[in-house]
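Participant: Got a sequence here, can you build the structure:
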Amino acid sequence: MSSGSQLQTITIGLNGPQIPALGLGTWAWGDSLFWQYGEAYGVDDVRAAFEKSLTAGVNFLDTAEVYGLGKSEEIIGDLMRSDPRPVVVATKYMPLPWRFSAQSVADALTASLKRLKLPSVALYQVHWPFDFFMSQKTLMNALADEVDQGRIQTIGVSNYSAKQMREAHSYLAARGIPLAVNQVQYSLLHRHIEANGVLEAAQNLEVTILAYSPLAQGLLTGKYTVGSDLQPTGARRIDPKFSKKGLQKIEPVLAALNAIGTTYEKTPVQVALNWLIGKGGVVPIPGAKNAKQAEQNAGALGWEMSEGDRAQLDNVSAPWLK
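Facilitator: This next block holds a predicted model:
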């Protein structure tokens, strides 16, 4: 990974595209069910987030066909058309019950590319490891065919266990294609991949980890505290992690983020994201619904905390290892 005055970059997988060590998750772009797109914010806010991200050098965007039922991909397609700056796009295939043939993979990719207005994508990921309807072997071979045809540059998976990763990796290796990515939930408040073998398997297989929910859906921003008036919206309202008891439990983590942030003149968000970047082989993909959030996220790049500060965060977040 390069650092210093230059933007830190990482090559995804063995020989995939080079991307910044921080991406941009776009689940909230166009999703009105979970994120209140169209009410609390809209396309102008999203455009501002897009432009601010690119200006900061964050040009890796992660989306999926199910985000806003295709709306996220459509928005990204429109934004890229109106901005000449290069963008690296990743999207995802959902293994739905009626998709039981290799042709359904090709058809889903065709539809995603049409919405994105692209001839190919840098990374195409399997959203969940469902294999009731199509075996992993059939699925991986269908994806490998798309690499051969040039419509996918690299193949990734999402939410796969260590065992499932190894299986996918072996099927692709038989075709001479590396498994580039496993996208999983990973943050100071969700460190399961360090305990369940996923992180170790990814390192052994040279698979990049894309960390979704790297700010624990806003809990690590410091906005939600026991004494604050700010109430979570949408599905977060019924999430026990946002309850008074849940917020009390994370107070030591927020205190450490604030203290370390003061040292480096960084916000808790930037410290939490930098902790992930410092793991190596991990690219956090926080969401951004507006320019301010995009700018704050980008501030996680270009600096490094001390080993002592990393150890403090490791220790204070240890309850979330399992």
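
Participant: Then residue 211 would be within a strand, right?
Facilitator: Yes. Counting by DSSP: H, G, I helix; E, B strand; the rest coil, residue 211 is found in a strand.

Participant: looking at it, it is touching residue 275, isn't it?
Facilitator: No. Counting by CB atoms under 8 Å, residue 211 stays clear of residue 275, with 10.3 Å between them. (C-beta placed from N, C-alpha, C; glycine too.)

Participant: what stretches of the chain score poorly on pLDDT?
Facilitator: For the chain, applying pLDDT under 70 flags the ranges 1-6, 227-238, 240.

Participant: can you rerun that using 80?
Facilitator: Within the chain, the set of residues satisfying pLDDT under 80 comprises 1-7, 13, 132, 224-244, 246.

Participant: how about the helices in it?
Facilitator: All helices of the chain, identified by DSSP state H, fall at 43-55, 71-81, 102-116, 136-149, 162-173, 192-195, 198-205, 244-249, 251-264, 268-277, 291-298, 307-316.

Participant: Take the ones you listed and write them to JSON lines, including mean neighbour count and distance to residue 29.
Facilitator: Output for the helices of the chain, formatted as JSON lines (neighbours: other CB atoms under 10 Å; distance: least, CB to CB, whole Å):
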{"stretch": "helix 43-55", "mean neighbour count": "20", "distance to residue 29": "5"}
{"stretch": "helix 71-81", "mean neighbour count": "21", "distance to residue 29": "5"}
{"stretch": "helix 102-116", "mean neighbour count": "18", "distance to residue 29": "12"}
{"stretch": "helix 136-149", "mean neighbour count": "19", "distance to residue 29": "24"}
{"stretch": "helix 162-173", "mean neighbour count": "18", "distance to residue 29": "28"}
{"stretch": "helix 192-195", "mean neighbour count": "16", "distance to residue 29": "26"}
{"stretch": "helix 198-205", "mean neighbour count": "18", "distance to residue 29": "27"}
{"stretch": "helix 244-249", "mean neighbour count": "12", "distance to residue 29": "27"}
{"stretch": "helix 251-264", "mean neighbour count": "17", "distance to residue 29": "26"}
{"stretch": "helix 268-277", "mean neighbour count": "25", "distance to residue 29": "19"}
{"stretch": "helix 291-298", "mean neighbour count": "21", "distance to residue 29": "12"}
{"stretch": "helix 307-316", "mean neighbour count": "14", "distance to residue 29": "30"}
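
Participant: Any idea which of those gets closest to residue 62?
Facilitator: Comparison of the helices of the chain against residue 62 by CB to CB identifies helix 71-81 as nearest, at 9.7 Å.

Participant: Taking helix 102-116 as reference, get the angle to that closest one.
Facilitator: Using axes from the mean of the first three to the mean of the last three CA atoms, to 10 degrees, one finds that helix 71-81 and helix 102-116 are set 50 degrees apart in direction.

Participant: which residues touch helix 71-81?
Facilitator: Helix 71-81 is contacted from outside by 26-27, 29-31, 37, 43, 46-47, 50, 61, 63-65, 67-68, 87, 89, 91, 112, 115-118, using CB atoms under 8 Å, 6 or more residues apart in numbering.
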